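Enquirer: After the sequence you'll find the predicted model.
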Amino acid sequence: MFELDDNQKDAIGLTFLLNHLIADSPYGAEEIKKITPFTQDDISAVLECFDNIDKAISIENTTDMDTLRQLLMKFKNIRACVAKLDTAKLNEIELFELKDFLLNFEKFYHVFNKLNTITKFINIHFTNLTAALDILDIQKRRIIPFSLEDGFSEKLSHIREKKSRLELALRQEKDNAKREAMQAKRLEIVVEEDAEEEIVMTTLCQKLRPFTAGIATNMNNLGKLDLTLAKARHAIEFNAVRPKINPHQLILKNMSNPFVESILSQEGKSFTKISLNLDTGITIITGANMGGKSVAIKTTVLNIMLCRLGLFVTATEAEIPLFDGICISLSDGQSITGGLSTFGAEIKQLDAIVKNFCDKQLFLFIALDEFARGTNPQEGAIIVRAVARFLNNKNAISLMSTHFDGVVPPGSTHYQVAGLKPNIKKEDVSAISDLMDYRLVKTESNALVPKDALSICKLMELDSEIIAEIEKGFCNG
C-alpha cells in the first residue's frame, strides 16, 4: 500500500533510472534485484550507504578501480556449488568452478586491500581464502585448469603409474589373447582409479568445508561492494548529489528528471529545474493544465524514492526525510479497476490511504496529482478543499496539484506554475510548451490560478468567433 507499483515507477521515471544501475558481477546483480527502500528505522544504514558511495566516487577514475572492476566481471555465481559443499561432495566440474572463483578472488583481494587503505569502506570486508585455494592448487601454480593430480594421493599416483605401464605394454603387444587379458586387467585398474578419485574428492571437500561460511560471506560483500560502485557510477552519470537526511522537512533545489529530460532532448527541448520546500502538512501546486504540475510531482516523488533506495538524487541540493512509505495518485497512467470511473478509483485509493494512515504510526509522503479531476469542477473544488484541510493536520508531508481556485488551507504552502511566458510572438510558437514557464513560484495561499487559457487560445490563433464567446464567458463569470 505504501510503495509504488510498477506502473507508478515507470510514470515517475524510476524504472528508467534503475535500468541505468548496472553491476559488474552476478553478486552485484543480485543486490540490485533485492534493493528495497530504507525507512525511518534505517538512518544509520542509509548514512553508511551514502558514505560508501562518496568513497567509491573518490577513486572512480583510478587504474586500480579499473582493475577491480575487471576482476568483478570475471566472477561467476557459484552460490549453489558452495551450498552443496556444506553437506555433500562436489564433482570435478564443481571443484573446477570453485578453484576458478578462488583464483580470481586472490587477485581481487590484493587489489581491494590496496584501494581500501585509501577509501576505508564501511562494513565491506573480505577474508583471505589463500588456504582454501592451496587445497585445490597443491603445487601453487595458480593456473585455472583443475584436475585430480597425482599429488593429491600417493595411492592414486601409484595406480596411474601402473595403468600407464600397462597401456604402454598393451600398445606394443601383438598377441590377441594376451591383449584381451591385458585389457581386462586395465579395466580393473580403471575401476580402482575411479574409486580412489572418489576418495580424493571426498577428502578435498572435507578440507574445504570449513571455508564455506567465509566464502559465502565474501560473496555477500562482493555484492555489497559492487552495488556501491554501481551507485557511484550512477551518481556521476546523472550528476546526482548526496541528500541530507532531514527528519521533518523536504527541501529539493533544482531537481531534474532524467527520464523526462531524455524525452525532451529528442524533441530539441530542455527540462526546467524544479525547487520545492515542503513541511509537515499540505503543500498545494496550482496552475493551468499544461503538464507542469504533474512533472513537478513526479520529479519530487522520483527524488524521494532515489534517496530511500540509497541512491544520490538528481538535484543540486536535497534534504529528505526517510519516509515509511509513499502514497501517490497520478493524473496519467492511473489504473481503473473494478468497473470504477476515474473519480471512483481516486476515492477508493484515498480511502485506503486514510485508513492505513490512521491505523499505523507511520510518517508518509502523500502526493495527489489533479485529485478529483474526474468529477465536475464545482464538486471537485469542494472535495479538494476538504482533502487539503484533512491532510494539513496529519503527521505526513503531502503534495497536491490542482487547477481549482480557493483550495489552499490558511497557513499552508502554495506554489504556482509560473505560467505563460511574457512577450511571446505568434511566429515563435510551434507547441504549447513553447508558451509556458514551468518554474514553481511560491505565492500567497489565497492566490488565484492564473487564467492563461484565453491568451494561449489567441496565440494559437483559435477562431476569432470562438475567442469572442470565451471573452463573454469570462465577463459574465
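Expert: Now that the structure is in, tell me what you want to look at.

Enquirer: close enough to count as contact, T202 and L90?
Expert: No: assessed by CB atoms under 8 Å, T202 is found out of contact with L90, at 9.5 Å. Bear in mind the C-beta positions are built from the backbone N, C-alpha and C, glycine included.

Enquirer: more neighbours, these two?
Expert: Comparing T202 with L90 by other CB atoms under 10 Å, the one with more neighbours is L90, at 19 against 13.

Enquirer: need the contact list for that one.
Expert: L90 makes contacts with 81, 84, 98, 201, 204-205, as judged by CB atoms under 8 Å, 6 or more residues apart in numbering.

Enquirer: Which of the residues you listed fall within helices?
Expert: 81, 84, 98, 201, 204-205 (DSSP state H).

Enquirer: Where is pLDDT lowest across those residues?
Expert: Note: of the ones in helices among the contacts of L90, the lowest pLDDT belongs to M201, at 89.

Enquirer: Please tell me how far it sits from D86.
Expert: In this view, M201 and D86 are 15 Å apart by CB to CB, to the nearest Å.

Enquirer: Who has more neighbours out of those two?
Expert: M201 (18 against 11).

Enquirer: burial of the nearest residue to that one once chain neighbours are set aside, as a residue count?
Expert: Excluding the flanking residues, the one nearest M201 by CB to CB, 6 or more residues apart in numbering is K89, at 5.8 Å. Under the neighbour criterion other CB under 10 Å, K89 is assigned a count of 15.

Enquirer: Report the secondary structure state of K89.
Expert: What DSSP: H, G, I helix; E, B strand; the rest coil gives for K89 is coil.

Enquirer: which residues does it contact?
Expert: 198, 201-202, 205.

Enquirer: Which strands or helices does the helix or strand containing E48 pack on?
Expert: Here E48 sits within helix 43-58, counting by DSSP states H and E. When contacts are defined as 3 or more CB pairs under 8 Å, 6 or more residues apart in numbering; DSSP states H and E, helix 43-58 sits against helix 92-119, helix 212-237, strand 244-245.

Enquirer: Okay, now the unreliable bits of the protein?
Expert: 1, 289-291, 332-341, 356-360, 420-435, 445-454, 459-460, 473-477 (pLDDT under 70).

Enquirer: one step back: now the contacts of L90 as JSON lines including distance to N221?
Expert: Below are the contacts of L90 laid out as JSON lines (distance: CB to CB, whole Å):
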{"residue": "C81", "distance to N221": "18"}
{"residue": "K84", "distance to N221": "21"}
{"residue": "L98", "distance to N221": "18"}
{"residue": "M201", "distance to N221": "28"}
{"residue": "L204", "distance to N221": "25"}
{"residue": "C205", "distance to N221": "24"}
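
Enquirer: Of the residues you listed - the most surrounded one?
Expert: Busiest of those [other CB under 10 Å] is L98, holding 25 neighbours.

Enquirer: Which parts of the stretch 351-477 of the chain are strands?
Expert: Secondary structure of the stretch 351-477 of the chain (DSSP state E, counting those that start in this stretch): strands at 364-369, 396-402, 413-420, 436-443.
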